[in-house]
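# Coordinates for the following, if possible.
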Amino acid sequence: AGVAVRHCHIFFCAGVPTSHFPRSLPSCPVLWALARIRLCLTCRLYFVFVLSWVRKRCACNMPCFPLLPLEVHKHRTCGISCCPLIAFKNSAKKFNLNATFMAKPFSEHAGNGMHAHLSLVDKDGNNVFEVDKDKQPKGIFANSIAGLLKTTPDFLSFYAPSANSYRRLVHNADHAPTTLSWGNESRTSLIRLPEASSSATRLEFRLPSADANPYLVFASILSSVLSGIQNKDALDKETIGNAHAQHEPELGITWREAVKKTSQSSVVKEFFGEQFQKSYQVVKESEINRFDSTITDFEYNSYLRHL
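Okay, the predicted model is just below:
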């Protein structure tokens with residue numbers, strides 16, 4: 001099987017005034033930092049630089065830049081490593097920047113996702129994912145997508161592991177999926193089938209947050225795909241158009257509900273083992289309880305001086 005992380009969405013949420021850079025460099029320090037940082041990456045990264053927010057918070061003379069989407073394309077098969085992400089954060093620090101994989105750093109902007117692209121190859125290296133003349137998945141490809149759709153709720157707490165992750169999964173907002181749907185070039189569906197040649201036919205799984213553990217993410221995806229292939233799950237009809245408007249938000253649940261679903265899932269128990277399933281439940285329920293017992297800044301700012 002060939003597995004590749006094609007991109008993560010990442011926020012740069014600090015910056016350096018342009019006056020700190022030599023005139024021979026690009027006027028935007030972020031572009032210069034990108035040129036240096038891109039050499040460290042082993043996955044495709046999508047950068048969103050939010051420098052205007054820093055200016056407001058720091059009250060400095062830093063110039064305001066609009067949201068600047070940039071993509072760095074890099075492709076690896078099979079190997080999954082967190083080291084590039086650490087290198088990325090360390091490289092940012094050299095330029096007095098902060099790189100964060102927080103799922104929803106700012107309420108007014110789209111969240112950070114970790115979209116995973118998956119294809120399967122046989123022993124000769126041939127892609128076994130196929131579509132017919134109408135671009136409809138067939139055979140193993142259809143079973144794989146069906147398996148993902150069927151078992152994604154069981155693994156949701158792995159794809160969205162923190163309280164902040166669920167701020168990204170808002171129904172009918174941005175492109176974060178909340179429905180169990182698939183479609184060709186559909187960026188509102190859970191699973192998107194990109195336009196590609198036969199050798200590059202693949203699926204894009206759009207649910208995981210950037211704060212998710214990549215090892216758990218890919219283990220979960222492969223578990224769902226294997227389950228679908230083994231059980232020969234039938235694939236539902238393609239969603240054409242806005243998936244949010246056509247399906248119920250089955251993934252729009254709370255963190256606690258997601259952890260409970262994982263802890264009771266037979267498919268998680270089968271592929272991850274009962275011991276891991278119980279351990280994960282204990283750890284996450286403890287984290288949820290700590291989160292629920294924390295007094296937030298909103299409460300202090302809204303109520304402390306007014307009640």
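
# just for the chain, where's the confidence low?
Across the chain, the ranges flagged by pLDDT under 70 are 1-85.

# could you pull out the helices for it?
Under the criterion DSSP state H, helices of the chain are mapped to 29-37, 51-58, 83-94, 140-159, 165-168, 214-231, 243-246, 255-263, 266-272, 274-292, 297-299.

# Pick the most deeply packed of those.
Most buried of the helices of the chain by mean neighbour count (mean count of other Cβ atoms under 10 Å) is helix 140-159; its value is a mean of 24. The C-beta positions use only the backbone N, C-alpha and C, and glycine is treated the same way.

# Kindly calculate the angle that that one makes with helix 214-231.
Calculated by axes from the mean of the first three to the mean of the last three Cα atoms, to 10 degrees, helix 140-159 forms an angle of 140 degrees with helix 214-231.

# elements contacting helix 140-159?
Other elements packing on helix 140-159 under the criterion 3 or more Cβ pairs under 8 Å, 6 or more residues apart in numbering; DSSP states H and E are strand 130-131, strand 191-193, strand 203-205, helix 214-231, helix 255-263, helix 266-272.

# which outside residues touch the fifth one?
It refers to helix 255-263. The contact list for helix 255-263 (Cβ atoms under 8 Å, 6 or more residues apart in numbering) reads 153-158, 160, 162-163, 165-166, 253, 268, 277-278, 280-281, 284-285, 288, 291.

# between that helix and helix 214-231, how big is the angle?
50 degrees.

# Please state the offset of helix 255-263 from the chain centre?
Relative to its parent chain, helix 255-263 has a centroid offset of 18 Å by Cα atoms, centre = their mean, to the nearest Å.

# between that helix and helix 274-292, how many degrees?
Angle, helix 255-263 to helix 274-292, by the same axes, to 10 degrees: 170 degrees.

# For helix 255-263, list the C-alpha coordinates in CSV.
Extracted C-alpha coordinates of helix 255-263, given in CSV (Å, rounded to 0.1, in the frame of the first residue of the first chain):
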residue,chain,number,x,y,z
TRP,A,255,-15.4,15.9,21.9
ARG,A,256,-16.8,13.8,24.7
GLU,A,257,-19.3,12.1,22.4
ALA,A,258,-16.5,11.2,19.9
VAL,A,259,-14.3,9.7,22.7
LYS,A,260,-17.3,7.7,23.9
LYS,A,261,-17.9,6.4,20.4
THR,A,262,-14.2,5.3,20.0
SER,A,263,-14.3,3.6,23.4
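
# What residues are bridge-paired with Ser119?
Gly2 (DSSP bridges).

# For Pro194, see how far away it is.
11 Å (Cβ to Cβ, to the nearest Å).

# What of Phe298?
Phe298 is 39 Å from Pro194, where distance means Cβ to Cβ.

# now Asn126
19 Å.

# Compare the two and say which is more crowded by neighbours.
Using other Cβ atoms under 10 Å as the criterion, Asn126 and Pro194 rank with Pro194 on top: 13 against 10.

# circling back to that earlier point, figure out which of the helices of the chain is closest to Thr178.
helix 243-246 (6.8 Å; Cβ to Cβ).

# and for Ser119 and Pro194, which residues touch both?
Shared contacts of Ser119 and Pro194, counting by Cβ under 8 Å, 6+ apart, come down to Arg202.

# And stretch 165-177, end to end?
Using Cα to Cα, to the nearest Å, the end-to-end distance of stretch 165-177 comes out at 12 Å.

# any idea which residue of this structure is furthest from its center?
Relative to the mean C-alpha coordinate of the chain, counting by Cα atoms, centre = their mean, the farthest residue is Leu307 (40.0 Å).
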